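Engineer: For reference, the sequence and a predicted model appear below.
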Amino acid sequence: MSAVSPAIAVISDIHSNFEALTAVLDDIRSQEVQQIVCLGDIVGYASSVQSCMRAVRELACPVLLGNHDEAVCLPTPPTGLNDTATAGIVFASARLSESDRAWIMSLPRNLEIEGIDFTHSSLASSFGWPYIISPEDARRHFDNQPSRLAFCGHTHKPMVWWQESPDGQVTQRIGKDVMPLPPSGKVLVNVGAVGQPRDCDPRACYVIYRPDKNNVEFRRVEYDIKRTKKKIIRAKLPKFTAQRLSVGR
Ligand SMILES: [Fe+2]
């Protein structure tokens, strides 16, 4: 009898939202999942910097570097970010320990685990943090995706991208419920965001990949949004950072 491939939970974009993270980790524990992979952006935006760092480090799972994680370790916040992003980065930067900084800077941008590629933003370029929003963005990513299947985050919008052949058309589907993966071609799954969904569904989002069933399940998890919002306001972070959580934008 052949061994059953383990189910993998892929989480991303926690953004210092401890209530969302703990709700997702509880949900993962209720599922038959053998491995967790975190695609980065542990910090930024919300207020629970240390507790999210601690919780993710305690998972002792593969973790990738996100653009906000990198930004908090720079001497000054990168230019070109909007005010809410900058405020979250300055806030997190003041609260991280030297150990957290060293750990963050040791994180890889991309990772291949058992023939699956994982990245925070895109494999299109190792410079900057490209977003995959259009089919053309996805095509540039697929040109650099060595394996059949990859997972990303960064846009905070759950999505499945698929390219049947190297010069073929790119197809896009909104990530929702259980989705069978196409039997051939290259597939990229955007796992959405744990801590700041932007697809108009405020529930925390993550994905379980089940290789034995060749499908992905987009799981949505309710959490105590009111509590997270109160903590953001109490921390004097921008009101918009709190408000957007209620509407998932
Ligand atoms: Fe993010």
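Structural biologist: Okay, I see it.

Engineer: how far away is residue 206 from residue 231?
Structural biologist: Here residue 206 is placed at a distance of 21 Å from residue 231 (CB to CB, to the nearest Å). Where you see a C-beta, it was placed from the backbone N, CA and C, and this is true even at glycine.

Engineer: Residue 38 now?
Structural biologist: From residue 38 over to residue 231 the distance is 21 Å, taken as CB to CB.

Engineer: the more surrounded of those two?
Structural biologist: residue 38 (27 against 18; other CB atoms under 10 Å).

Engineer: who does that one bridge with?
Structural biologist: In this entry, residue 38 is beta-bridged to residue 11, residue 63, by DSSP bridges.

Engineer: List the contacts of it.
Structural biologist: Taking CB atoms under 8 Å, 6 or more residues apart in numbering, we find residue 38 in contact with 10-12, 14, 56, 59, 61-64.

Engineer: repeat for residue 21
Structural biologist: Residue 21 makes contact with 11, 14, 52, 55-56, 194-195, 204, according to CB under 8 Å, 6+ apart.

Engineer: returning to what we had before: as TSV, the contacts of residue 38 with distance to residue 132 would be great.
Structural biologist: Output for the contacts of residue 38, formatted as TSV (distance: CB to CB, whole Å):
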residue	distance to residue 132
10	15
11	18
12	13
14	19
56	23
59	25
61	23
62	21
63	20
64	15
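
Engineer: before we move on, what SS does residue 79 have?
Structural biologist: coil (DSSP: H, G, I helix; E, B strand; the rest coil).

Engineer: thinking again about what came up before, specify which member of the contacts of residue 21 is nearest to residue 187.
Structural biologist: residue 11 (18.7 Å; CB to CB).

Engineer: Which secondary structure element is home to the residue nearest to residue 44 when sequence neighbours are not counted?
Structural biologist: Residue nearest to residue 44 in three dimensions, not counting chain neighbours: residue 68, with 3.2 Å by CB to CB, 6 or more residues apart in numbering. Assigned by DSSP states H and E, residue 68 falls within helix 67-72.
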